[in-house]
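> Predicted model and sequence follow; I will ask about them next.
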Amino acid sequence: MNRPIRRVAVLAGLMFFALLLNASYLVVFRDASLDADPRNRRTRDAEFAMQRGAILVGNTPIAQTTPNEGRFKFKRTYADGPLWAPVTGYYSYDYAQTGLESSYNTQLSGTDDSQFFGRVMDTLTSEQPVGASLQTTLDSRAQRAASDALGNRTGAVVALDYRTGAVKALVSKPSYDPNALASTDLAAAREAWTELNSDTSRPLTNRATKEVYPPGSTFKLVTAAAALEDGMAPDTSVDSPASLTLPLSNTKLTNEVNCGGATTTLDRALQTSCNTAFANIGLDLGDEKLREQAQKFGFDSALEGDLSPAVSRFPESPDQPQLAMSSIGQFDVAASPLQMAVVAGAIANDGQVMQPYLVQDVRNPDLSRLSSNDGKKLERAMKADNAQALQQMMVNVVEQGTGSRAGVPGTRVGGKTGTAQTSPERPPYAWFIGFAEDPDVAIAVFIEDAQVQRSDIAGGRLAGPVFKAVVEALK
């Protein structure tokens, strides 16, 4: 009789031990991920019952929590929602969070490990818990100027302080109003979600950071950087025929403009955006040197920081024709506007790549600092003297070449235009990337749909004035 009882007792003990082990594992190892799971309604109910921290531009909240009547004690509201939506994202009961609402969700909701002591004190003093606030790096003048200059065209603008990596403007068009998704009327929020997702213009897409596109001739800056690092100089002569038959094929690459003859200098090739010259440079360098240079600027790896951007890419094993096209930013080269702003910024910063970031400080309700960001160095993309030579080449593009519409009187401006071919079914993309001094800013302007005739699309003509408007707003 005792033996069966002992067996049952041992089995029950083992099952109880397994239950305790599983519970301990969930608490120790999976607690954070389960709390963050968007399907966890218990966590969301708790978050909607507390005052979430604000997101600030200067002293102005662009996202904050206000008292609410009904099922939820608070609701999230967004000032000038469509302007700042690419930055804030949305905070929704059914659809979780995006943007800064997502990347800083635990701090904003007051549940981060760094806020443990504050939560204990709130419990002991019976105070209503309040989440931390985010002080962004954004400049409202630059943001509005970029948005206004881009107008109703589909595209994006990214501006950053190239000395630190602090983002000054981040615009994506078309945009949306996050208030509709943050509504505590859940039926209305679901209707807004359905409408936004069925919109063929894809307003929920963050074109500034989350999408990659052919960078076109703006990538010639990367090719020029590789050439300078390999020993070339701005006055080095390069072959620039009117047309170039790509190796191993009958395909001819032509130039949009007269490059100045069968040979030209590297400097002049950049000014005229000479396709055949840069294709020849890329073929001479080889794919390994070109890829290594692109990777130093941030291609093929996720840029660190709080933006969580899409990974820009350089093709892994291009053949010779593909390498020639990759050298001018075509074939399978793809980059986000953020990545191209980083390229321009690194050149302006004497070759040093800085980590781009959106949040300067995370602060407790008593304004004590939880964390801060003062800029972080990533790769060194170029030697300082080569970067300075390329800076002057970019200045020459604006003063003597294809980038004249980006010029700002009284300010040293350097840049590069780009018109990226995609497919015969859709118009080319228009790009302009560059830098200014005083204000020390690097900017990428990308226009996906210019809403003009295909023949009128050119980076300098369309994107250059947007660049100029942002620089002037910051002066």
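That came in fine, so what should we check first? Because the structure is predicted, anything quoted here is derived from the model rather than measured. Numbering: from 1, shown residues only.
> In this structure, which helix is the longest?
As assigned by DSSP state H, the longest helix anywhere in the chain is helix 2-29.
> so who does Asp319 touch?
Contact analysis of Asp319 by CB atoms under 8 Å, 6 or more residues apart in numbering lists Leu248. Where C-beta positions appear, they are placed from N, C-alpha and C, glycine not excepted.
> quick revisit: relative to the whole chain's centre, how far out is the longest helix of the chain?
Centre-to-centre, helix 2-29 and its host chain are 50 Å apart (CA atoms, centre = their mean, to the nearest Å).
> Give the rounded mean pLDDT of it.
Mean pLDDT, helix 2-29: 73.
> Would you mark the buried spots in stretch 73-85?
Phe74, Lys75, Arg76, Thr77, Tyr78, Gly81, Pro82, Leu83, Trp84, Ala85 (16 or more other CB atoms under 10 Å).
> That stretch: end-to-end distance?
By CA to CA, to the nearest Å, the extent of stretch 73-85 from end to end equals 24 Å.
> any idea how far that stretch is from the chain center?
On CA atoms, centre = their mean, the centre of stretch 73-85 falls 21 Å from that of its chain.
> what is the rounded mean pLDDT of it?
Average pLDDT, stretch 73-85: 95.
> Stretch 206-219 too?
Taken as a whole, stretch 206-219 carries a mean pLDDT of 96.
> now stretch 400-409
Averaging pLDDT along stretch 400-409 yields 94.
> first vs last residue of that stretch, how far apart are they?
Chord length of stretch 400-409, first to last residue, is 14 Å (CA to CA).
> burial of Thr251, as a residue count?
12 (other CB atoms under 10 Å).
> now Glu195
Residues lying near Glu195 (other CB under 10 Å) number 12.
> check which helix or strand covers it.
In the assignment (DSSP states H and E), Glu195 maps to helix 186-198.
> For the closest residue to Asp239 other than its chain neighbours, which three-state class applies?
Excluding its sequence neighbours, the residue lying closest to Asp239 (CB to CB, 6 or more residues apart in numbering) is Asn280, at 4.9 Å. Using DSSP: H, G, I helix; E, B strand; the rest coil, the structure places Asn280 in helix.
> who touches the closest residue to Val333 other than its chain neighbours in this structure?
Excluding the flanking residues, the one nearest Val333 by CB to CB, 6+ apart is Ser326, at 5.2 Å. Contact analysis of Ser326 by CB under 8 Å, 6+ apart lists Phe219, Gly282, Asp287, Leu290, Phe314, Pro315, Pro318, Asp332, Val333.
> Quick check: closest non-adjacent residue to the first one.
On the basis of CB to CB, 6+ apart, the spatially nearest residue to Phe219 that is not a chain neighbour turns out to be Gly329, at 3.0 Å.
> just checking, that neighbour touches Gln421?
No: between Gly329 and Gln421 there is no contact under CB atoms under 8 Å: 9.8 Å.
> which neighbours do those two share?
Pro214, Gly216.
> Who has more neighbours out of those two?
Remark: of Gly329 and Gln421, Gly329 carries more neighbours, 28 against 15, as counted by other CB under 10 Å.
> does Thr66 sit in a helix, a strand or a coil?
strand.
> can you map out the helices along the stretch 1-150 of the chain?
2-29, 31-36, 41-47, 81-88, 99-103, 105-109, 116-125, 140-150 (DSSP state H, counting those that start in this stretch).
> quick one: contacts for Met393?
Contact analysis of Met393 by CB under 8 Å, 6+ apart lists Ala224, Pro234, Leu266, Asp267, Leu270, Gln271, Gly414.
> In the protein, what helix or strand scores lowest on average pLDDT?
In the chain, no helix or strand scores lower on mean pLDDT, DSSP states H and E than helix 31-36, which sits at a mean of 54.
> the strands in the stretch 351-475 of the chain, which residues?
For the stretch 351-475 of the chain, the strands defined by DSSP state E, counting those that start in this stretch cover 352-354, 359-363, 369-372, 377-380, 413-420, 429-436, 441-449.
> Pick the most deeply packed of those strands.
Counting by mean count of other CB atoms under 10 Å, strand 429-436 has the highest mean neighbour count of the strands of the stretch 351-475 of the chain, with a mean of 31.
> If you drop the residues flanking it in sequence, what lies closest to the residue nearest the centre of the chain?
The residue lying closest to the centre of the chain (CA atoms, centre = their mean) is Thr209, at 2.8 Å. Distances taken as CB to CB, 6+ apart put Pro309 closest to Thr209, at 4.2 Å, once the chain neighbours are dropped.
> just for the stretch 251-400 of the chain, where's the confidence low?
Nowhere does the stretch 251-400 of the chain drop to pLDDT under 70.
> at 90 what do you get?
256-258, 260-261, 302-305, 365-368, 374-375 (pLDDT under 90).
> gap between Glu448 and Val359?
Computed as CB to CB, to the nearest Å, the Glu448 to Val359 distance reads 27 Å.
> mean confidence for stretch 226-246?
The average pLDDT for stretch 226-246 rounds to 97.
> Please work out which residues outside it touch it.
Contacts of stretch 226-246 (CB under 8 Å, 6+ apart): 251-255, 258-267, 269, 274-277, 279-281, 285, 289-290, 292-293, 320-321, 324-325, 382-383, 386, 389-390, 392-393.
> Compute the distance from the centre of that stretch to the centre of its chain.
The answer for stretch 226-246 is 31 Å, by CA atoms, centre = their mean.
> For that stretch, could you pull out the residues that count as buried?
Under 16+ other CB under 10 Å, the buried positions of stretch 226-246 are Ala226, Ala227, Leu228, Glu229, Met232, Pro234, Val238, Asp239, Ser240, Pro241, Leu244, Leu246.
> Just flag the most distant two among the residues you listed.
Pro234 and Leu246 (26.2 Å; CB to CB).
> Keeping just the C-alphas, turn stretch 194-209 into CSV.
Taking C-alpha atoms only, stretch 194-209 is exported to CSV below (Å, rounded to 0.1, in the frame of the first residue of the first chain):
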residue,chain,number,x,y,z
THR,A,194,-8.4,49.7,-42.3
GLU,A,195,-8.6,52.9,-44.3
LEU,A,196,-4.9,53.7,-43.9
ASN,A,197,-3.8,50.2,-44.8
SER,A,198,-6.0,50.2,-47.9
ASP,A,199,-4.5,53.5,-49.1
THR,A,200,-2.3,52.8,-52.2
SER,A,201,-0.1,55.7,-51.3
ARG,A,202,1.0,53.8,-48.1
PRO,A,203,0.9,56.7,-45.6
LEU,A,204,2.0,54.4,-42.7
THR,A,205,5.3,53.7,-44.5
ASN,A,206,8.2,55.7,-43.1
ARG,A,207,10.1,56.4,-46.3
ALA,A,208,12.8,58.3,-44.4
THR,A,209,14.1,55.3,-42.4
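> Show the residue spans covered by the helices in the stretch 201-350 of the chain.
For the stretch 201-350 of the chain, the helices defined by DSSP H, counting those that start in this stretch occupy 220-229, 266-272, 275-285, 287-296, 320-326, 337-348.
> mind putting these in CSV, distance to Gly70 included?
Shown next, in CSV, are the helices of the stretch 201-350 of the chain (distance: least, CB to CB, whole Å):
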stretch, distance to Gly70
helix 220-229, 54
helix 266-272, 60
helix 275-285, 61
helix 287-296, 52
helix 320-326, 56
helix 337-348, 39
